[in-house]
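Asker: Curious how this folds, go ahead:
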Amino acid sequence: MKKILFLCPHLSTGGMPQYVLYCIKKHINEYDIYVIEYNNISDTYVVQKNKIRNLISKDHLITLNGTLDEKHDKLISIIDDIKPDIISNQDFPEIWLREKKILKETINWLYRSDRPYFIEETSHSSQFKVEEKKWLPDGFAFISEYFQNYYKKLVDLVQTSRIEEYILEKKEKPNRKEALKKLGLNPDFLHILNVGLFTPWKNQKEIIEIAKGLTHYPIKFHFIGNTAPNFVDYWKPLIDNLPSNCVIWGEQSDVDVFYSAMDLLLFTSKMEANPLVPKEALSWGIPCLMYNLPTYNGVYDKEELVTYLTGDIICDIENIIKELKQLNVVPIEEKFLPYKKISHHFVLKPRVSFDAIGKGNYSILFIDNDTGEILYEGKHKVDSKNWLNYYSVANFQYFINWKVVIIKDDEVIYSKVMDLRDKKVYIEIGSKALGDLIAWIPYVEEFRKKHNCFVYLGGPDRYFNLFEKEYPEICFLKEKQEYHNVIAGYHIGIAEDDPRRRTKKSWRLMSLQELAATVLGLEYKEIKPKIHIESEGFKSEKKYVCLSEFSTLNCKLWNHPNGWQEVVDYINSKGYEVRSISFEETNLMNVKKHNGRSLKDTISVLLNAEFFIGVGSGLSWLAWALGIPVIMISGFSKPFAEFHSGLIRIHNDKVCNGCYNDPTIPFIKNNKMWCPRGKNFECTREITPKEVIEAIDQL
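Answerer: Okay, the predicted model is just below:
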């Protein structure tokens, strides 16, 4: 009989040890099975370890103790002694190493090229990235089809790949009252179960918040899972302030007793690979409320017993009540919740809707939670039987860390601070211009990282392909593509109306990048975006300079007569070629024309340029983003308006200039000949070729 050795990071109670137990039961008649527990985390939480010990030969379960150096020597000795045919490694070695649970020398020995055994890997983490892989096994045993697809690049590099999924047969529930009485529970109450180690990613905190809103109902919440000392900072404040309808059971050796008795599973975990808890619950026919995580690969979408959580406490409470009513085992009376029928969102303008709970005077306060300032108060007097559908809207479209409070007759009946973590947020780019998107995209990513939220980016999608591969965590929407269930939304763009509608101050007084930072509530600092580059760039025997004369308005152009040609002639005289990369056709002499090309070709030419000369246009922003030195000839805007690093800006402040950044002058963007002070574009007309040539000499 062949020998298989399961190499486990630990065997403390949890999903991975339960999976190993499952695999042992499944293959116990096929192999002589050995198990090594590399790290003994606890002598207390040993449910699965004890079950494994009872299944295999007594001396076949080995726990390594000592330092990592001592474990290294012991592991080599044990493997040399056992001579396994297969080693089943229950996590990627890169994860072991990252968590400092093993020595690099140990991994190198295990994965040496002349190893006499077949090594197969199984990973239980949803956080590992393909590009982090350094050691290759002979094969993979994936816990679900999602991971086989996710690690497709790795699958192509090994001998074998298979799916070893935890599958459970359907079980028959016993009589409800008898099952509950075995646990000493009142069958006149509805019982909701949660199973899992008390940790932030298992998210018991959310269940406790839900429980607080259901104290008026005959419902009990039961938590099965250990409170490990390394997570005491998470679970102790929760347990110290536990509502009366919550029961902590700790670790249990036979969780099936609870599954068989409970009415509903509430699984609020937000970081899972292929969790066993909902599988166990569904095998018992228990309705499940859980998050729809990408790692589930849609396997629960058609499961009648699964309802997806929304992350909105009010909505999820209503879904729980709905599910429990459908069971029809305990009557549920309609009773008022402190925040029943209250909803809110922060999409462009924050809006709060509520159903009144009786006659009285109601106020909805929209508060900046960072300063405590009440920015808007909506008042409603309720004196009739029509108590439904009251709402207030605050006319602020930029990011504010909102707190919404509802007061009835001087008593606070609802208070909620906006929380974007793990929520969907829509951000709209309100411009078709290439330069605007280049300027703003890095702040969308900074917003996503700061709030740890899911960002849907909309607006004109013409240039989205420049960024999609560089910002994989942002969902780039095609134009008119729908998005749903967003909790907040922001519009980055320019507007001539009340600045407090879109930004804290007029966009005319900010740089283009500061506008995005201000709308999204971020600290402003200049950030270059990452742009997807598909080639090493255009090859030329001679060094060359790129330029573009054009932009959308005449005030943006360099209006000095014959200025461009004099500059071209000077560059040529220095032995450099000049390449025109504008979309518009150039009439300049002695230049290489790359006009009307695709943006991909334009980037290719720009990449190997010595520098770029342009005006306040998208190609100047593109060159800057690609790391090419830029000479910008500009007078219509103030020097603060564009980027600063890698830039020589030629600006004449002795003549009329900066109308673009003057909030007293209406900006008419559709008027190509816009020169509001009637000075015939002297802002750039008075910039001489000599000034530009001096800048060229600097480079």
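
Asker: burial of the closest residue to Val158 other than its chain neighbours, as a residue count?
Answerer: Spatial nearest neighbour of Val158, chain neighbours left out: Gly139 (5.4 Å); criterion: Cβ to Cβ, 6 or more residues apart in numbering. Every residue, glycine included, has its C-beta placed from N, CA and C. The burial metric for Gly139, expressed as a neighbour count using other Cβ atoms under 10 Å, is 17.

Asker: same thing with the one 10 residues further on?
Answerer: Other residues lying near Asn149 total 11 when counted by other Cβ under 10 Å.

Asker: Could you identify the helix or strand that succeeds the lowest-mean-pLDDT helix or strand in the chain?
Answerer: Least confident helix or strand, the chain: helix 499-502 with a mean of 59, by mean pLDDT, DSSP states H and E. Proceeding C-terminally, helix 499-502 gives way to helix 512-519 as the next helix or strand, assigned by DSSP states H and E.

Asker: how about that following helix as CSV, C-alpha atoms only?
Answerer: The C-alpha atoms that make up helix 512-519 are tabulated as CSV, following Å, rounded to 0.1, in the frame of the first residue of the first chain:
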residue,chain,number,x,y,z
LEU,A,512,-6.3,69.3,-11.9
GLN,A,513,-5.1,66.5,-9.5
GLU,A,514,-6.1,68.5,-6.4
LEU,A,515,-9.7,68.5,-7.7
ALA,A,516,-9.9,64.7,-7.7
ALA,A,517,-8.3,64.6,-4.2
THR,A,518,-10.7,67.2,-2.9
VAL,A,519,-13.8,65.5,-4.3
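
Asker: tell me the mean pLDDT over it?
Answerer: Averaged across helix 512-519, the pLDDT comes to 95.

Asker: Packing partners of that helix?
Answerer: Contacting helix 512-519 under the criterion 3 or more Cβ pairs under 8 Å, 6 or more residues apart in numbering; DSSP states H and E are the following elements: helix 434-451, strand 488-492.

Asker: ok, and what's touching the shortest one?
Answerer: It stands for strand 488-492. Contacts made with strand 488-492 from outside it, assessed by Cβ atoms under 8 Å, 6 or more residues apart in numbering, are listed as 345-348, 397-399, 418, 420, 423, 425-431, 440, 443-444, 502, 515-516, 519-520.

Asker: could you pull out the helices for the stretch 451-600 of the chain?
Answerer: Listed in chain order, the helices of the stretch 451-600 of the chain (DSSP state H, counting those that start in this stretch) span 499-502, 512-519, 563-573, 599-607.

Asker: Out of the ones you listed, flag the one nearest Glu479.
Answerer: Closest of the helices of the stretch 451-600 of the chain to Glu479 is helix 599-607, at 17.2 Å (criterion: Cβ to Cβ).

Asker: what's the angle between the closest one and helix 434-451?
Answerer: 90 degrees (axes from the mean of the first three to the mean of the last three Cα atoms, to 10 degrees).

Asker: What residues of helix 599-607 count as buried?
Answerer: The neighbour-count check on helix 599-607 (16 or more other Cβ atoms under 10 Å) flags 599, 602-607 as buried.

Asker: what about dumping the CA coordinates of that helix to CSV?
Answerer: C-alpha atoms of helix 599-607 as CSV (Å, rounded to 0.1, in the frame of the first residue of the first chain):
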residue,chain,number,x,y,z
LEU,A,599,-2.8,55.8,-28.6
LYS,A,600,-0.9,52.5,-28.4
ASP,A,601,1.4,53.7,-31.2
THR,A,602,1.7,57.2,-29.7
ILE,A,603,2.9,55.7,-26.4
SER,A,604,5.4,53.5,-28.3
VAL,A,605,7.0,56.6,-29.9
LEU,A,606,6.9,58.6,-26.6
LEU,A,607,8.6,55.9,-24.6
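
Asker: and Trp249, helix, strand or coil?
Answerer: strand (DSSP: H, G, I helix; E, B strand; the rest coil).

Asker: Neighbours of it, how many?
Answerer: By the criterion of other Cβ under 10 Å, Trp249 has 14 neighbours.

Asker: now do the one 4 residues further on
Answerer: Close neighbours of Ser253, defined as other Cβ under 10 Å, add up to 11.

Asker: who touches Lys432 in this structure?
Answerer: Lys432 makes contact with 460, 462, according to Cβ under 8 Å, 6+ apart.

Asker: right, I mislabeled it, should have said Arg597
Answerer: The contact partners of Arg597, taken as Cβ under 8 Å, 6+ apart, are 581, 583, 605.

Asker: Which one of these is nearest to Asp85?
Answerer: Nearest to Asp85 among the contacts of Arg597 is Val605, at 58.1 Å by Cβ to Cβ.

Asker: and the gap between the nearest residue to that closest one once chain neighbours are set aside and Gly614?
Answerer: Of all residues not flanking Val605 in the chain, Phe538 sits nearest, at 4.5 Å (Cβ to Cβ, 6+ apart). With the distance defined as Cβ to Cβ, to the nearest Å, Phe538 ends up 18 Å from Gly614.

Asker: Report the spatially closest residue to Ile628, excluding sequence-adjacent ones.
Answerer: The nearest residue in space to Ile628 (Cβ to Cβ, 6+ apart) is Phe612, at 5.1 Å.

Asker: Surely that neighbour and Val545 touch.
Answerer: Yes. In terms of Cβ atoms under 8 Å, Phe612 counts as a neighbour of Val545; the distance is 7.4 Å.
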